[in-house]
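Q: structure, please.
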Amino acid sequence: MSTEPTAANVLFICRGNLCRSPMAMTLLQWRLGMEGLADRIAVDSAGYHDWNPFPREAHPFARRAVQELCGSDMLADHSARSWSAEQVSRATLVLVAEEWMRADFPADKVMTLKEFGGEKGDVEDPYGGDYAESLTCAKEIQRLLEVGVPRVLGLPRRA
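A: Alright, predicted model coming up:
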């Protein structure tokens, strides 16, 4: 275990915390773990919808997409939740799936996922679609993270 302090606290936000934000959270955690950097960046996810009192797990297609990309069902224990002011205050970076979500977060710490990856626009919600749409979304998020992590968080670019 490294004694270096956490360099950042990244919070991913989408509508329901069922597809995009949990996939993004898990894909970043997986990448950091593979590079031995998991203790450098804290990663979390949340959504706008409050599922209480009925906890919701990650969408089955999101779980399957992450399993395909990472080799294991890393979202098996995910429980969707809505974002809180405490999460936002802890975050050094809030990454939102859609442009309209920016307005709810401090301008100095919010970016869209696309902006993080050097692009413009929204990461489309695969909810309600088929597995292929979820896998396409997960691959898009993975691509955006590959560009954004070295550029924004200062971690090494993957070989």
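Q: surely residue 152 touches residue 109?
A: No - at 11.4 Å, residue 152 and residue 109 do not qualify as touching, with contact defined as Cβ atoms under 8 Å. Glycine gets a C-beta too; all of them are placed from N, C-alpha and C.
Q: looking at these two, which is more packed in?
A: Taking other Cβ atoms under 10 Å, residue 152 and residue 109 do not tie; residue 152 has more neighbours (18 against 15).
Q: and that one, what's its pLDDT?
A: pLDDT, residue 152: 76.
Q: against residue 28, how distant is it?
A: Using Cβ to Cβ, to the nearest Å, residue 152 is found at 12 Å from residue 28.
Q: and the strands in the protein?
A: 8-14, 41-47, 93-96, 110-112 (DSSP state E).
Q: quick one: mean pLDDT for the third one?
A: The reference is to strand 93-96. Here the average pLDDT along strand 93-96 is 98.
Q: tell me the bridge partners for the residue nearest to residue 55 when sequence neighbours are not counted.
A: In space, and not counting its chain neighbours, residue 55 is closest to residue 79: 4.9 Å by Cβ to Cβ, 6 or more residues apart in numbering. Beta bridges link residue 79 to residue 57 when assigned by DSSP bridges.
Q: now do the contacts for residue 79.
A: 55, 56, 57 (Cβ atoms under 8 Å, 6 or more residues apart in numbering).
Q: for the residue nearest the centre of the chain, what are its contacts?
A: Nearest to the geometric centre of the chain sits residue 24, at 2.7 Å (Cα atoms, centre = their mean). Residue 24 sits next to 12, 45, 95, 97, 113, 141, 145 when contact means Cβ under 8 Å, 6+ apart.
Q: so which of the residues you listed is the most crowded?
A: Busiest of these [other Cβ under 10 Å] is residue 95, holding 34 neighbours.
Q: residues in contact with that residue?
A: 10, 11, 12, 13, 24, 110, 111, 112, 113, 116.
Q: just give me the closest of those to residue 40.
A: residue 10 (10.8 Å; Cβ to Cβ).
Q: find me the pLDDT at the closest one, would you?
A: Predicted confidence (pLDDT) for residue 10: 96.
Q: contacts only, for it.
A: Counting by Cβ under 8 Å, 6+ apart, residue 10 has contacts 28, 41, 42, 43, 44, 91, 92, 93, 94, 95, 153.
Q: hmm, 7 Å instead?
A: Residue 10 is in contact with 28, 41, 43, 91, 93, 95, counting by Cβ atoms under 7 Å, 6 or more residues apart in numbering.
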